[in-house]
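A.B. asks: got a predicted structure here, sequence first:
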Amino acid sequence: MAEESILTGLMDTWIGSLTVNLLCYSTVFIPGYLIIQYFKKSQYIERAGSGLISKLITSCIYGQGYDKLVTTDVPPPKTSLPDKSLAARCFQLSFCFFGLQASYLTWGVLQEKIMTKEYHNSAGNVGHFKDSQFLVFVNRILAFLLAAAYLGFTRQPRHTAPIYKYSYCSFSNIMSSWCQYEALKYVTFPTQVLAKASKIIPTMMMGKIVSSKKYEYYEYVTAVLISFGMTMFLLGSTESKGNASSSTTLSGIIILVGYMSFDAFTSNWQGELFSQHKMSSVQMMCGVNLFSCLFTITSLVQQGSFGISLNFMVAYPAFFWDSLILSICSATGQLFIYYTISIFGPVVFIIIMTIRQGLAILLSCIIYSHPVSVLGILGILLVFTAIFLRVYCSHRLKQLQQRRAGGDTAKV
């Protein structure tokens, strides 16, 4: 009994829960690594047949680009589509804007509700849901099914990336999502949203580590402004200290740093895969969510928490509907992201999502009564001003580069 109480107490802490999750994920990573090394060292590709199993193993470990059968996949010629009218473009932009706002604002409100509020049922019981990993799973399973269905009904470019490479960004994506949910136990939702808006800084650092990227001066200036604004917000928060000790605040900060670091790695690794293998965004979405489902369901089953979460869902029907809507918003939000970027480009997408983050803070403060001081408000304004300044400078720099390239071409 004493050992069980110690284990239960350990699992109630974020450090203990994180440790157990990582041990469970290792039961997928370690056997997977050994299998991949076996096939590579045994030169399986040289003796692979043309059967379904051989093709599956080849795709997982080598990618279709190593297929021994010579294929000449010639993409269909691109036909220039007529320019759409201003009204049509405005309708598309409005569709993207309101689709992203509705998906992610609803997702943010439900995220905070699930992780911080109590649930009541008709029997008068009161419950508090605590398993962040289960929420990651329900989000990823629907996103995977949507992406897989889309791939099944549309023509996609030849997929040349080894499927196992998705596991790295899938793991970091799981961990960033886990940190995002877990942080709400220790910090307010506005603090978390502002930290997400500040993830430009760790993204730049990770870009230097992963891809040796170089950045412009304005990017460093805006990064400093964002850091300063975030500090102003944290210092100016008037959140009651009666519910949170200094250790709780420290835990929240550590988890948020973990979230930003994992999220930064995810975007940079996905960028490397896009540049090397030229897959479509939906192929990336399907591959990442496939491994995310594999990791989370394995860990949930091993810990015995999958059944516990399902029982909680049955006991509290309101939680079931919140989880369902949460996963729908997450999956449709990903589809809106890819659609918006494909139509209007990343700059318009960043502006829309920046507006969404500001509205998310406003909604959270209104719905859940999070007080913010004048200094905190100034910090919020400084962060979002720096983000818009960054977008504007990036856009202007690209325009200047295009003009110089056009001028050089004209001289030649």
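C.D. replies: That came through, no problem. Numbers count the residues shown, from 1 in each chain.

A.B. asks: low-confidence regions, the stretch 101-250 of the chain specifically.
C.D. replies: Scanning the stretch 101-250 of the chain for pLDDT under 70 picks out the ranges 196-201, 210-211, 230, 234-248.

A.B. asks: mind listing the strands for it?
C.D. replies: Assigned by DSSP state E, counting those that start in this stretch, the strands in the stretch 101-250 of the chain fall at 119-120, 126-127.

A.B. asks: most packed of those?
C.D. replies: Mean neighbours per residue, mean count of other C-beta atoms under 10 Å, is largest over those for strand 119-120, with a mean of 15. Glycine gets a C-beta too; all of them are placed from N, C-alpha and C.

A.B. asks: who does that strand pair up with?
C.D. replies: Its sheet considered, strand 119-120 pairs with strand 126-127 (antiparallel) by DSSP bridges.

A.B. asks: show residues contacting the partner strand.
C.D. replies: 118-121, 312, 315-316, 319 (C-beta atoms under 8 Å, 6 or more residues apart in numbering).

A.B. asks: those residues, buried ones only, as a ChimeraX selection?
C.D. replies: ChimeraX command restricting the contacts of strand 126-127 to the buried ones, with burial defined by 16 or more other C-beta atoms under 10 Å:
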select :119,312,316,319
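
A.B. asks: which ones among the contacts of strand 126-127 lie within helices?
C.D. replies: Counting by DSSP state H, the contacts of strand 126-127 place 312, 315, 319 in helices.

A.B. asks: for the second one, which non-adjacent residue is closest in space?
C.D. replies: Of all residues beyond its chain neighbours, the one nearest A315 is N121 (6.0 Å), with distances taken as C-beta to C-beta, 6 or more residues apart in numbering.

A.B. asks: which residues touch the residue most central in space within the chain?
C.D. replies: By C-alpha atoms, centre = their mean, the chain has its centre lying nearest to N173, at 5.5 Å. By C-beta under 8 Å, 6+ apart, the contact set of N173 is 262-263, 266, 288, 292.

A.B. asks: go with 6 Å
C.D. replies: Contacts for N173 (C-beta atoms under 6 Å, 6 or more residues apart in numbering) come out as 266, 288.

A.B. asks: before we move on, what about the one 10 residues further on?
C.D. replies: Residues counted as contacts of A183 (C-beta under 6 Å, 6+ apart) are 192, 252, 255-256.

A.B. asks: just give me the closest of those to L52.
C.D. replies: Closest approach to L52 among the contacts of A183 (C-beta to C-beta): I255, at 43.4 Å.

A.B. asks: report how many residues lie close to that closest one.
C.D. replies: The tally of other residues near I255 (other C-beta atoms under 10 Å) stands at 25.

A.B. asks: try Q276
C.D. replies: Q276 has 11 nearby residues by other C-beta under 10 Å.

A.B. asks: quick check, it in a helix?
C.D. replies: Yes: counting by DSSP: H, G, I helix; E, B strand; the rest coil, one finds Q276 located in a helix.

A.B. asks: from E272, how far off is the closest residue to it other than its chain neighbours?
C.D. replies: Distances taken as C-beta to C-beta, 6+ apart put A161 closest to Q276, at 7.3 Å, once the chain neighbours are dropped. Distance, A161 to E272, using C-beta to C-beta, to the nearest Å: 10 Å.

A.B. asks: and I254, by the same measure?
C.D. replies: Taking C-beta to C-beta as the measure, I254 falls 27 Å from E272.

A.B. asks: what of T27?
C.D. replies: Relative to E272, T27 is positioned 27 Å away (C-beta to C-beta).

A.B. asks: I appreciate the help and will end here.
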